[in-house]
Each structure stands twice: as C-alpha cells, then as structure tokens.
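mind looking at a prediction? Sequence and model below.
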Amino acid sequence: MRTYSRLAAIAGAVTLAGALAACAEAPRYGDQPYYSGQPAQTYPSYDERVTEYGTVSYIEGLQARNRTSGAGAVLGAVVGGVLGNQIGSGGGRTAATAIGAVGGALAGNAIESRNDRVDYEAYRITIQLDRGGQRVYEVPTPGDLRTGDRVRLYAGQISRI
C-alpha cells in the first residue's frame, strides 16, 4: 500500500510540474523581429531636405531581447522544491524535490518572460509615400502617430498633418 502512495505522490509531482510548464507560452514566429541596431535603410537615397508627404502604413514595436531578471526562476524553483519535498521519503523525496525545483524554475522563468513582452526598445514606422515608394524609420517612440495618419517628411523628421 505504501508503494502505491509513493508512486501516486511522484506522479502528482510530475503532473504538477508539467502543468506549471504548460502555463508558459511557446515563442511564435515573429515575436522577436530582426533588429540589427543599424538605422533602417530608406529608398530611394537622395537629399533628405526634400519635403515629402505620405501615409503611415505600419508601426511595428521592436522588442528587446529576452531580459528576465531571474526572479521568476528563483521563485518557481523555491515553490517547486517545497512542493516536491512534501512528497515521499528518503530517495523519493530527494528526487521529487529536485524535479519540483527544476520544473518550477523553468515555469517561473517562462511566465516572467511572457509577462514582459510589452517592453519595446524601438519602433519601426513604415510610410507609404504619395509619389510612390516608401520610407522606413526606427524611432524610440512613435509619439501620437497611428496607422493611417497623413504625415509630412522633412529632414528626417515625421510630422502629422
């Protein structure tokens, strides 16, 4: 009878660790857009002192690389280790504690990184020009610009009309 309760406790710990890990969301294609740190190229290349008019066609937030503080992993490891330590005795308890700590650390880090997705380090603004072509600018903040706004471009500056 005691063997079954240990087996049930270990199975419960593994299920709990799996459930915590399932809370983490897998990265999707495009979540980490390419950002080289270089200014975006503009086409065609000519004197920037010409006034141009256009429409904002797209504003894309460029996310910073995964910058978790580690607090989620530490907290998850502690909680997972404590829960795992409640299961079994002897070698089974040690294994359950280790599995709980590792599973909790992975789940805590994944949850923390998922919650930090709203931080952007820059924005890429694409403007469709009235004369044809487009301009792409990378700026620290889009200000009050929205997709569909009419804009004037002069000397590298974007002004809403």
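Yes, it's here. Residues are numbered from 1 along each chain as shown.

how about the residue nearest to Q134 when sequence neighbours are not counted, what does it touch?
Spatial nearest neighbour of Q134, excluding adjacent residues (Cβ to Cβ, 6 or more residues apart in numbering): Q128 at 5.3 Å. To be clear about C-beta, it is placed using only N, CA and C from the backbone, and glycine gets the same treatment. Neighbouring residues of Q128 by Cβ atoms under 8 Å, 6 or more residues apart in numbering: G54, T55, S57, Q134.

can you rerun that using 10 Å?
G54, T55, V56, S57, Y58, Q134, R135, V151 (Cβ atoms under 10 Å, 6 or more residues apart in numbering).

any idea how far it lies from T94?
Per Cβ to Cβ, to the nearest Å, Q128 is found 63 Å from T94.

same thing with D144?
Taken as Cβ to Cβ, the span from D144 to T94 is 58 Å.

hmm, V136 is touching R124, no?
Yes. Taking contacts as Cβ atoms under 10 Å, V136 lies within contact range of R124: 6.3 Å.

who has more neighbours out of those two?
R124 (18 against 15; other Cβ atoms under 10 Å).

ok so the more buried one is a strand residue?
Yes. According to DSSP: H, G, I helix; E, B strand; the rest coil, R124 belongs to a strand.

return the set of residues that bridge with it.
E60, E138 (DSSP bridges).

just the pLDDT at it, thanks.
R124 carries a pLDDT value of 92.

then Q86?
Looking at Q86, the pLDDT reads 83.

there's contact between it and G80 in this structure, I believe.
No. Using Cβ under 10 Å, Q86 makes no contact with G80, being 11.0 Å away.

which one's more surrounded, those two?
G80 (27 against 13).

neighbours of the closest residue to the more buried one other than its chain neighbours, how many?
Counting by Cβ to Cβ, 6+ apart, G80 lies nearest to G104, which is 2.2 Å off, once chain neighbours are set aside. Neighbourhood size, G104 [other Cβ under 10 Å]: 27.

with the one 3 residues further on instead?
A107 has 25 neighbouring residues, counting by other Cβ under 10 Å.

right, and it touches G76 too?
Yes. At 5.2 Å, A107 counts as touching G76 under the criterion of Cβ under 10 Å.

for the longest helix along the chain, which positions count as buried?
The longest helix of the chain (DSSP state H) is helix 91-115. Neighbour-count burial for helix 91-115 flags 93, 96-97, 99-113 (criterion: 16 or more other Cβ atoms under 10 Å).

elements contacting it?
helix 2-22, helix 71-85 (3 or more Cβ pairs under 10 Å, 6 or more residues apart in numbering; DSSP states H and E).
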